[in-house]
Every structure is written in structure tokens, then in C-alpha cells.
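In: Need coordinates for the below:
(chains A and B)
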There are 2 protein chains.
Amino acid sequence: MSRPYSKRLNDIQPFRVVEILARAKQLEAQGRDIVHLAAGEPDFATAAPIIKAAQQSLGNGDTHYSQASGIPQLREALSRYYRDDYGLDIDPRRIMITPGASGALLLIAALLMNPGDGMLMTDPGYPCNRHFLRLVEGEGQLVPVGVEDRFQLHAEKAEKYWQNNTIGAMVASPANPTGEILSKDELSELWSLCQHKNGHLVVDEIYHGLNYGTEAPSILSITDEAFVINSFSKYFGMTGWRLGWLVAPEQAIPELEKLAQNIFISMNTFSQFGALAAFSEESRAILDSRRDEFAARRDFLCEELQNMGFEIPHRPAGALYLYAGIKKFSHDSQRFCLDLLENHGVAITPGMDFGTYLAEEHVRFAYTTSMSRLEEAVSRLHKIFV
Amino acid sequence: MSRPYSKRLNDIQPFRVVEILARAKQLEAQGRDIVHLAAGEPDFATAAPIIKAAQQSLGNGDTHYSQASGIPQLREALSRYYRDDYGLDIDPRRIMITPGASGALLLIAALLMNPGDGMLMTDPGYPCNRHFLRLVEGEGQLVPVGVEDRFQLHAEKAEKYWQNNTIGAMVASPANPTGEILSKDELSELWSLCQHKNGHLVVDEIYHGLNYGTEAPSILSITDEAFVINSFSKYFGMTGWRLGWLVAPEQAIPELEKLAQNIFISMNTFSQFGALAAFSEESRAILDSRRDEFAARRDFLCEELQNMGFEIPHRPAGALYLYAGIKKFSHDSQRFCLDLLENHGVAITPGMDFGTYLAEEHVRFAYTTSMSRLEEAVSRLHKIFV
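Out: Next comes the predicted model:
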């Protein structure tokens, strides 16, 4: 077979961190102790009431296909969540359950992008975003953002980078890998620009709930015309369940339902019944105490890294990450990460996994391990950097 | 917001049966009894040992992300399945777990199709196939097949319909909506043609295991260079779990893994641990006895429909369906289905959901309900058609 595979494969990169993780596994097999600060998911297992609810649903025989847009009960639960936690009135019909936020990104790409269309997004940012656009023959138009932007896309810069084929902007707040948020004013300005340009605005809010002491406003408090991507993975601690959701403008829903019918048929049914339990008082208390634990870890790790000379100009507001400048130590972040692993048993993620802009001078620390393991990591780092 | 959504939406159709199902629900709410012969999924809940294994996995806290290609244990279990059930030696590394067969179709479309490329497929056929290709700016090139082809794509006709932009063919055996299979010779001839044309061959084998008395050979017994789509949904009775798999040529695996990392991140983790139990002797005995039940339903319904004047030229070999000609009664299958529902309380699927070729003269009966309900449906049909 000599027919080549599709050209889009040239533009879709594997994760660099895979090399780090594979080497970590080898080292562990040799008996080495590795502190894992690379994983982009909470270390906690899903909260017990949610697990119990899914077990019960399995016992009830909820094993058939369910609605392509998600079970109505879960869409209604999310509508109540927006009312109770955000004071927003979001019609359940505007909320579609998706197979992870990944599924929501796929639907959005399919809905909005014609071949050759572009969408603005930050560099650094979540790398899969641009790959979803590439999948449908669109392109992510990367806007380099740095410390001076608090690593976020602001209206002024978005306007500067807006091209003839740009059809909108995609931002994340809090963001991966930087943990930075957009204020309500900043979101409003971005939305005004998108309206002015007749463009779409997509806001990734999957780290909502994992903001520590600083409010993370939803774009839904500003407009009903933006697209919101969210997920049960992070605050709700349900990564391995593959459940996300999408809030869309009302007129997009019939088209999105048609796409979901064809592309997904259904999400996992008993997982959705399990997710209903995520909104109980008991679950919320567990999730909020985990959020407080993440806050404490952020505070500890951020200060320690700053003291060692990692550049973190201010403590980021949320998510699970610290995006740290390593200029003082290296200009090759992949090499830096491999050395750190090899010689000191600490696994982190190289900047290249999030884009190209100053990527060689940055690494991502994920505080997705216990405080005692973070202390162990810091003590190992101290040997090199102090 | 006046910017239109993407053009591909014009080429992606919703399922016609949704109208039937919505009306069925209304009638049921009014107290009417409806016999459901529309659902493309086994009526049985998932077998108890599989449910128990998933509950256990949840209890073990298997709630984190797992490998993008699936947990190694499940890939190995499938490799053993190919050895034990097919006598084939398939390296587990060539087997990727996917979020349903839908996920496998998405990966294949992303891997193989450049914009403007086409792939041959039968009309009638599973409608989402062409929509997956359209999603990535390719096109399904529909080949009309009828009774004279046993509703399958054969090499001769494929050659006739092969165009300059055709990069391969996609067939299903047993097929939806017709239940027809391709023999080993027919598969070999198709594969020879694809080789001759330097094209890919994709075989949907998701109804394997649901063939009744007639062997359904796998393309894997002929070549390691074809792509196979399969699923835990049908024979294994796990539709709502969203687990499928893909067997690919060895050289495609790194590209497919890269795509899966980006598009899916992971499948549902505890569902995969549950699926491991599908291969136990206890589970297989349950699944095989269900298969025998489907065979008995096929025999009963096929004969009854034939006697009433529905055109089913011979008893199809597998799947869950009878694709029946209604020329004697109607030339508007959607109307026919709505009337049947409205006046006689039997829900079936119009031919239009599977393509356009003679679609107005065909309907699909799914024998996905108990024998006693099938008898009820037949007795209602008798009042009209005998």
C-alpha cells in the first residue's frame, strides 16, 4: 500500500510529554521513585457519591443508548447549576452533554469552520484546540501571548491578529497551561470585538470551579450568543468518565443535535446518571474541599518555584498548573524536562506541548499530586536550583 | 450574529426515524401501546457479569484517564478473541479501542481522507458513514445496490463506480440495514480490486457475532492491510457503554494514536475494565444464547413478512434487521411508516434513513424486541396486509 495518509497528519502533533512519561515508567520499573507533576487531571479518584450513583445506574440496567444531546435530567441539573452557582438562567435545551470537552470541541469545529477558515487562539494554549480545527480543514491562528498579557488573549491584540479568513476567537479561562483568567471586562471587550467583526466567540471554561480566591466569570453572564465548553473532568473530578458539555446559542442547537446524532449517537448512559450525583450537597462539599487542597498546593509550589528562580510573575488564579519560565536554567525545555526526570526524578511537561512562542523557555508544573509529594519534589529541586 | 454556520451542515442529514420515535412517544403518552421495531440496538440489558465487572472497577477507583488507544488488557483480550474465535493472529498493538464504532469511523476519516477524496459505499447503508467523510471534507460515493447484488458492494460494481478521486471502499458485513454478508471470496475480490487501484479497504464488522447459521468471514483472514471497524455494542450488547475498536495496518498505528490522543484523550476507563468480563465463559454463554434468540426472531419475522407480501427475496444472514420492499403497499416509505405507527401502533424505520436508492420503496424492521411483541406486531400487520 503506497497511498499516503492524509495531509492533515503533518499538522497534528503528538504530545511531547509522552516521551517524558514513557521514560518515567522505565525508571520506575528500575525501582526509581518519580514525583509526577505532569498529569493534567486531579489525582483524587471521583468522589464516592458519584461512583455509587453510577454503580446503581449500572445495576438498574441503564446500559442502552441515550439521547444524542444527553439525558434530559443531566441537562436540567446543569441548568440548575448555572442558576445556583452563577445566578444565570440557561435553558436546558441550550446545554448539550458531550463525550468530554473533546467532544464539544469537535462539535464546535464541525459547526463553525469551513475549509480555510481560521480561529484565533493563544500560544501557549491547549494544543488540541488547533488540531480540532485542522481536522475539519480549518486552522488555529495562534496569537503569541506572554507575561505582559497575563498569557491571555485581549481584545486589542485579537483585533491586531484578526485576518480576512478569521471567523472568531477561542479563549480559555482559567487557561491551560497558565492558570490565568479573563475578567468580566476583558471578556466583554472580546465579545464586543467579535460582534464588531461578525465573528464567533468560544470560551473554554473547563477549569471553572478550580479558581482560588479570584472570581472566574462565565461568558454566559455577558451574552447568550457565545459558545461555552465545559467538562465534568476537572472540578468535578471525573476525567475517566468522558463527560463534558456545551452551551450554545439557541439557533445552533438543531444543527449541533444533528451532528451529535451522527458523530456520537450517544454518550455513556450510566456515567450520565452517575454525574447527576455530582450536584448533591454531599458531593459538592467533597469537591469544594478538594478545590481548597488545590489552592494550598498552588500557594506552596508557586512560592517555592519563584524562590528558586523559576519565572512566575504572579500567582495564577486557577486550573491545576504553574507555567514557569526557565530562562535562568535552560533554553531547551524538552531537554530540561528529560534531565530533571533522569537526574532528579521529577516529571513535568515541556512548553512545546502548548505551542511554540517562547516554548523552549517554559515548562508546566501540574500540582496534581499530594502536598507531601510536592514537598518531596521541591526538596529535590532545591538540590539543583538553590 | 449573521455569520452562517459551516457548509457541511447542508450535507449532513438528521435521522428520519426521529420523527417516528417522537410521534411514538406522543402516542404512548396518550395511552397507546406501540410495538418498537425501529431501534438499532439489542433490547437486552448488558449481561450481568459485565455490569458487575464495571461496578467493581468503579469501586476500585478506576476513574482517571486511561491510554488513548485503550487499556492494554482490553487490546490483549481482543487479540485472544481473534485467536480463539477466528483462528487469527492479530498483534494487540494493531487493535485500538475507540469511543464506539463511531470513534473508529472518525479516526479512519481523519487518517485517510484529504479534501475532495471519495470513498465508495453502498446505498442503502449506514448513513453516518458518509457524514464522517463529509466532516473532514471528503465524500461518500454511493453505489446503488439492490436485490441483484444481495445489497452488497461487489468488486465488479466497485470497479465500475471507482472515480479519479476515489481512495478506497467501505463495506459492512453483516450490513445495516440489510443484514447481508460478504463471503470470503467476495471480500478477496474486493481486496484485489483495492490493491489494483492502490486504494484502502475499510470493513465494518460491528454485526459480527450476530450471524445466524452462515459464516461471516473477517477481512483480517485475507489481509493485514485493511481497516476493520468493530464494536462492543451489538453482539456484546453494550450500546450505552460507547466502546468500539479498530484493527489497522501496523504502519497506521502511530498516526492513529496521535489522532486519538488529540481527539479523544481517553475512553471511559471503568467501562473498559467492565468490557474485559465480556470474554468470560459465563458472558459468552449469555451472549450466544441471545444470538440464538435473535436468530429465532429473524426466522419468525422474515417468514411472516414474506407471507404478507413484503419483498424480502431471501433470509439475510445476520445483524438485527430485515430490509423489506413495500412496493406492493406504498411508494412513500416515510408516509408508510407514519401510517403504520398512527393506525396500528408499530414503529419501523423508513428507507430514507439509509440512502436514496429505492429508499421510498423500502423500510427496515429491527427484531430488537421480544418474540411475544413480534407476534403482537405481526398480528397487527395481518389486519392490514392479509
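In: SS state for whatever residue of the stretch 101-250 of chain A ends up closest to chain B?
Out: Distances between the stretch 101-250 of chain A and chain B by C-beta to the nearest C-beta are smallest at A:Gly240, namely 3.5 Å. Bear in mind the C-beta positions are built from the backbone N, C-alpha and C, glycine included. Put simply, A:Gly240 is helix when judged by DSSP: H, G, I helix; E, B strand; the rest coil.
In: Let me know whether it touches B:Ser271 as I believe.
Out: No: counting by C-beta atoms under 8 Å, A:Gly240 does not reach B:Ser271; the two are 9.1 Å apart.
In: Those two: who's more crowded?
Out: Between A:Gly240 and B:Ser271, counted using other C-beta atoms under 10 Å in any protein chain shown, B:Ser271 has the larger neighbour count: 31 against 28.
In: excluding its backbone neighbours, what's nearest the more buried one?
Out: B:Trp241 (4.6 Å; C-beta to C-beta, 6 or more residues apart in numbering or on different chains).
In: Please name the residues that touch that neighbour.
Out: A:63, A:268-269, B:46, B:54, B:232-233, B:268, B:271, B:274-275 (C-beta atoms under 8 Å, 6 or more residues apart in numbering or on different chains).
In: Spell out which parts of the stretch 151-300 of chain A neighbour chain B.
Out: A:167, A:195, A:198-200, A:225, A:237-242, A:249, A:252, A:255, A:257-259, A:261-271 (C-beta under 8 Å from any C-beta of the partner chain).
In: Please list only the buried members of those.
Out: Neighbour-count burial (16 or more other C-beta atoms under 10 Å in any protein chain shown) is assigned, among those, to A:167, A:199-200, A:225, A:237-242, A:252, A:255, A:257-259, A:261-271.
In: In helices, which of the residues you listed appear?
Out: A:255, A:257-259, A:261-263, A:269-271 (DSSP state H).
In: Mind checking the pLDDT average for stretch A:336-356?
Out: Average pLDDT, stretch A:336-356: 95.
In: Find me whatever residue is spatially closest to the residue of the stretch 101-250 of chain A closest to chain B, sequence neighbours aside.
Out: B:Thr269 (3.5 Å).
In: thought the one you found was touching B:Thr63?
Out: Yes: using C-beta under 8 Å, B:Thr269 makes contact with B:Thr63 at a distance of 6.5 Å.
In: Are there residues contacting both of those two? Which ones?
Out: A:240-241.
In: quick one on the thing from earlier: I'd like the ones in helices among the buried ones among the residues of the stretch 151-300 of chain A next to chain B as a markdown table, with pLDDT appended.
Out: Below are those laid out as a markdown table (pLDDT from 0 to 100):
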| residue | pLDDT |
| --- | --- |
| A:Glu255 | 97 |
| A:Glu257 | 96 |
| A:Lys258 | 96 |
| A:Leu259 | 97 |
| A:Gln261 | 94 |
| A:Asn262 | 95 |
| A:Ile263 | 97 |
| A:Thr269 | 98 |
| A:Phe270 | 98 |
| A:Ser271 | 98 |
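In: What separation do you get for A:Pro174 and A:Pro115?
Out: Using C-beta to C-beta, to the nearest Å, A:Pro174 is found at 32 Å from A:Pro115.
In: Tell me who's in contact with A:Leu21.
Out: A:38, A:347.
In: On the C-terminal side of the helix or strand hosting it, identify the next helix or strand.
Out: Per DSSP states H and E: A:Leu21 is located in helix A:17-29. Beyond helix A:17-29 on the C-terminal side, the first helix or strand identified by DSSP H and E is strand A:35-36.
In: quick one: is that next one near chain B?
Out: No: applying C-beta under 8 Å from any C-beta, one finds strand A:35-36 separated from chain B by no less than 11.8 Å.
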